[in-house]
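**Q** Task: produce atomic coordinates for the following.
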Amino acid sequence: MTDVANAESTSSGRKQHLAWALVLISVAQLMVVLDGTIVNIALPFIQHDLDIAPANLRWVVTGYALAFGSLLLLGGRLGDLYGRRRIFMTGLIVFSVASLLGGLATSEGLLLAARALQGFGAALASPAALALITTTFPAGPLRNRAFAVYAAMSGVGAAVGLLLGGWLTGLDSIFGLSVEGWRLTLLINTPIGIVTALLAPRLLAESESHPGELDLPGAVTGTLGLLGIVYGISRAGTDGWTDTWTLASLAAGLLLLVSFLMVERRVEHPLLPVRVFMNRTRAASFVAMFFAPAAMFAMFFYLSQYIQEVMGYSPIQAGVAFLPFCFGLVFAAGLSSNLINRIDPRILAGFGTLLAAVALYGFSRIPHSTSFPPADVQASYWTHILPYILMMSFGMGMTFVPLTLTAVHHLRAEDSGIGSGVLNTMQQVGGALGLSLLATIATQTMTDLGKEFAAAAQQAGAQATQAQQAVAAQQVFTAGATDAFLLGAGLMLVASLVTWVFLNVKHEELATDGPEAPVHVG
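**A** As a prediction, this is how the structure comes out:
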């Protein structure tokens, strides 16, 4: 009887320990993800206080994304080689110090450098966080629920960033001290990150380390290659695909990635082992997770602007408007983690991506005027926005959990960090490419409709009033945004097609652990 009681006590204690470990990992992941959007609403205030030129303002956001996206592979491998907990803690400390520097920045250069350093810290912490779930939680329901929480944090981070950014930017003091609100969007990370790093040794076990096996040539060529690709794609969204620096950056990035692949075939301990991709289900998961975030970013990027610029919402109201997305995604992720024990991931992720595609198509039907003079047409939040936000959140919750599980399932223990790095890299590069493609389509539509309005006004011999010009600008933006949503729906359908055709792992297999017996293709 005593033995049974002791066993139950031990089991209960272990579950409690795992629960706190998951809280720690989730807080770190949420902090890393929301930092991509939390400063968006604060940009006008940052520009005014630090006197940043309009052309350079985008680097406050892009600088973080560039460092994050290009260093993820290296960050993932460093965790495999030098200990995942150690790299996780290092990443959090770097991120926290960089946030402090950014929050105290008195010049444009210092802020941009701090944002890049934040990206480096995030690239160390994020792959390690996902790998720590794989190595801390046993395969089966416990790990599935842990992945559901991780996926929820990854999904709601952008929405939480908009809400938190809007609230903090509106503050002018804290604890009785006068401070510019935009600085708080960065400073808030410092205490959270430091406390999380200090608690890590108490809650997370350290993995084996393999020092001396770092593939330095692969690290240099792979990181610089990804930097060139991410920079080129990001630049294309603002300067066009025919811009000289866009083409040069993309060409240099591709050349370096080709060199990286050649290096990886020759070294004894490659940064990115080919075996990570030598499984159809895992490769399909990577590809699907490339296209799905690319489409999802369309919703956040254009819908957040539409709600503020056309519907007239304040920053904090815009953040609140996205709260249903957070609730829906958390609910769907929890439901998905339970269903994955009985339903194959192909069905869950396939259904989720189809639902998200329908939601994006719904956003593409937002009403707007294309005739001159344009009518002041606006969407209703309750009928044109909210239903599709909920549909999108449910679809993404049903997608992220199974695809995250299948992307890292059956990886060798020594490859879990780099596998997590590949998954994160696919999401970041896919998101950057998606935004650039969407921006290209939206900008072209806006330009064409703007010319049509101008020509119609000239033909009618009418001089548009200031109010009419404002209405015309809103309708032009809406037309571009709806075309972007339509392209996003197409990208989501590609993710769905890949999922239905190539994702062939059974739900029973997800309850097993360890690498596949023979590594195979197909």
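
**Q** C-alpha only now, for contacts and for neighbours.
**A** Fine.

**Q** any low-confidence regions in the protein?
**A** 1-15, 55, 173-178, 211-212, 298, 460-465, 511-522 (pLDDT under 70).

**Q** what about 50?
**A** Residue ranges of the chain with pLDDT under 50: 2-9, 517-522.

**Q** Kindly report the domain assignment for it.
**A** 17-205, 215-270, 275-522 (automatic domain parsing).

**Q** now those domains as CSV including mean neighbour count?
**A** Formatted as CSV, those follow (neighbours: other CA atoms under 10 Å):
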stretch, mean neighbour count
domain 17-205, 22
domain 215-270, 19
domain 275-522, 21
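
**Q** Longest helix in the chain, please.
**A** The longest helix of the chain (DSSP state H) is helix 416-460.

**Q** And that helix, what does it pack against?
**A** Judged by 3 or more CA pairs under 8 Å, 6 or more residues apart in numbering; DSSP states H and E, helix 416-460 is in contact with helix 59-82, helix 108-136, helix 216-239, helix 280-298, helix 386-408, helix 466-502.

**Q** Let me have those in CSV, adding distance to residue 350 as columns.
**A** Compiled in CSV, the helices and strands packed on helix 416-460 are given as follows (distance: least, CA to CA, whole Å):
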stretch, distance to residue 350
helix 59-82, 26
helix 108-136, 23
helix 216-239, 28
helix 280-298, 10
helix 386-408, 7
helix 466-502, 5
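
**Q** picking up where we left off before, hey, what's the angle from the longest helix of the chain to helix 108-136? Just curious.
**A** 130 degrees (axes from the mean of the first three to the mean of the last three CA atoms, to 10 degrees).

**Q** Check the gap between residue 146 and residue 338 for me.
**A** Residue 146 sits 11 Å away from residue 338, going by CA to CA, to the nearest Å.

**Q** Residue 406 now?
**A** From residue 406 to residue 338 the distance is 15 Å (CA to CA).

**Q** Also residue 410?
**A** 20 Å.

**Q** same check, this time on residue 385
**A** 29 Å.

**Q** and what of residue 493?
**A** 25 Å.

**Q** show me what contacts the closest residue to residue 84 other than its chain neighbours?
**A** Closest residue to residue 84 apart from its sequence neighbours, by CA to CA, 6 or more residues apart in numbering: residue 128 at 5.4 Å. Contact analysis of residue 128 by CA atoms under 8 Å, 6 or more residues apart in numbering lists 75, 76, 79, 84, 85, 87, 88, 417, 420.

**Q** what's the closest of these to residue 360?
**A** residue 420 (27.6 Å; CA to CA).

**Q** So that closest one sits against residue 130, correct?
**A** Yes: using CA atoms under 8 Å, residue 420 is in contact with residue 130, at 6.0 Å.

**Q** follow-up on the earlier one: starting at the chain centroid, how far to the longest helix of the chain?
**A** Distance of helix 416-460 from its chain centroid, counting by CA atoms, centre = their mean, to the nearest Å, is 16 Å.

**Q** what angle separates that helix from helix 466-502?
**A** Per the same axes, to 10 degrees, the angle that helix 416-460 makes with helix 466-502 is 140 degrees.

**Q** circling back: in JSON lines, list the contacts of residue 128 along with distance to residue 433.
**A** Shown next, in JSON lines, are those (distance: CA to CA, whole Å):
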{"residue": "75", "distance to residue 433": "21"}
{"residue": "76", "distance to residue 433": "22"}
{"residue": "79", "distance to residue 433": "27"}
{"residue": "84", "distance to residue 433": "29"}
{"residue": "85", "distance to residue 433": "31"}
{"residue": "87", "distance to residue 433": "28"}
{"residue": "88", "distance to residue 433": "27"}
{"residue": "417", "distance to residue 433": "24"}
{"residue": "420", "distance to residue 433": "20"}
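
**Q** from those residues, which is closest to residue 27?
**A** residue 88 (12.3 Å).

**Q** Pull the contacting residues for that closest one.
**A** Counted by CA under 8 Å, 6+ apart, residue 88 has contacts 79, 124, 125, 126, 128, 129, 197.

**Q** Give me the phi and psi for it.
**A** Backbone torsions of residue 88, given as degrees, to the nearest 10, read phi -60, psi -50.

**Q** Could you measure from the nearest residue to residue 474 once chain neighbours are set aside over to residue 379?
**A** Excluding the flanking residues, the one nearest residue 474 by CA to CA, 6+ apart is residue 310, at 5.6 Å. Distance, residue 310 to residue 379, using CA to CA: 9 Å.

**Q** do the same with residue 97
**A** Residue 97 is 43 Å from residue 379, by CA to CA.

**Q** that older thread, please tell me how far the residue nearest to residue 474 sits from residue 302.
**A** 11 Å.

**Q** Of the contacts of residue 88, which is the nearest to residue 40?
**A** Looking across the contacts of residue 88 and measuring by CA to CA, the closest to residue 40 is residue 126, at 21.0 Å.

**Q** In space, what's closest to that closest one - neighbours in sequence excluded?
**A** residue 29 (6.2 Å).

**Q** same deal with residue 289?
**A** Closest to residue 289 by CA to CA, 6+ apart is residue 427, at 5.8 Å.

**Q** list the contacts for that neighbour?
**A** Residue 427 sits next to 289, 290, 291, 293, 294 when contact means CA under 8 Å, 6+ apart.

**Q** ok, now with 6 Å
**A** The contact partners of residue 427, by CA atoms under 6 Å, 6 or more residues apart in numbering, come to 289, 290, 293.

**Q** Return the closest of those with respect to residue 329.
**A** The closest of the contacts of residue 427, once distances to residue 329 are taken by CA to CA, is residue 293, at 13.9 Å.

**Q** where does the closest one sit relative to residue 399, distance-wise?
**A** Counting by CA to CA - residue 293 and residue 399 are separated by 10 Å.

**Q** With residue 319 instead?
**A** Using CA to CA, residue 319 is found at 23 Å from residue 399.

**Q** Need phi/psi at residue 375.
**A** Main-chain dihedrals, residue 375, degrees, to the nearest 10: phi -80, psi 150.

**Q** Apart from its neighbours in sequence, what residue is nearest it?
**A** For residue 375, the spatially nearest residue (CA to CA, 6+ apart) is residue 369, at 5.8 Å.

**Q** how much space between that neighbour and residue 388?
**A** 21 Å.

**Q** Kindly report the same for residue 135.
**A** 36 Å.

**Q** Kindly report the same for residue 348.
**A** 19 Å.

**Q** quick one, what contacts residue 181?
**A** Contacts of residue 181 (CA under 6 Å, 6+ apart): 168, 169, 170, 171, 172.

**Q** State the distance from residue 392 to residue 205.
**A** 36 Å.

**Q** ok, back up a step: report the separation between the residue nearest to residue 126 and residue 223.
**A** Residue 29 sits 22 Å away from residue 223, taking CA to CA as the criterion.

**Q** cool, and residue 107?
**A** Residue 107 sits at a distance of 28 Å from residue 223 (criterion: CA to CA).

**Q** name the helices or strands packed onto the one helix or strand residue 194 maps to?
**A** Per DSSP states H and E: residue 194 is located in helix 189-203. If you count contacts as 3 or more CA pairs under 6 Å, 6 or more residues apart in numbering; DSSP states H and E, helix 189-203 packs onto helix 84-103.

**Q** Give me the angle between the helix it packs on and helix 416-460.
**A** Going by the same axes, to 10 degrees, helix 84-103 makes 40 degrees with helix 416-460.

**Q** and helix 84-103, how far out from the chain's middle?
**A** Per CA atoms, centre = their mean, the centroid offset for helix 84-103 relative to its chain is 19 Å.

**Q** Residue 171 versus residue 165, what's the distance?
**A** Taking CA to CA as the measure, residue 165 falls 10 Å from residue 171.

**Q** now do residue 152
**A** Taking CA to CA as the measure, residue 152 falls 28 Å from residue 171.
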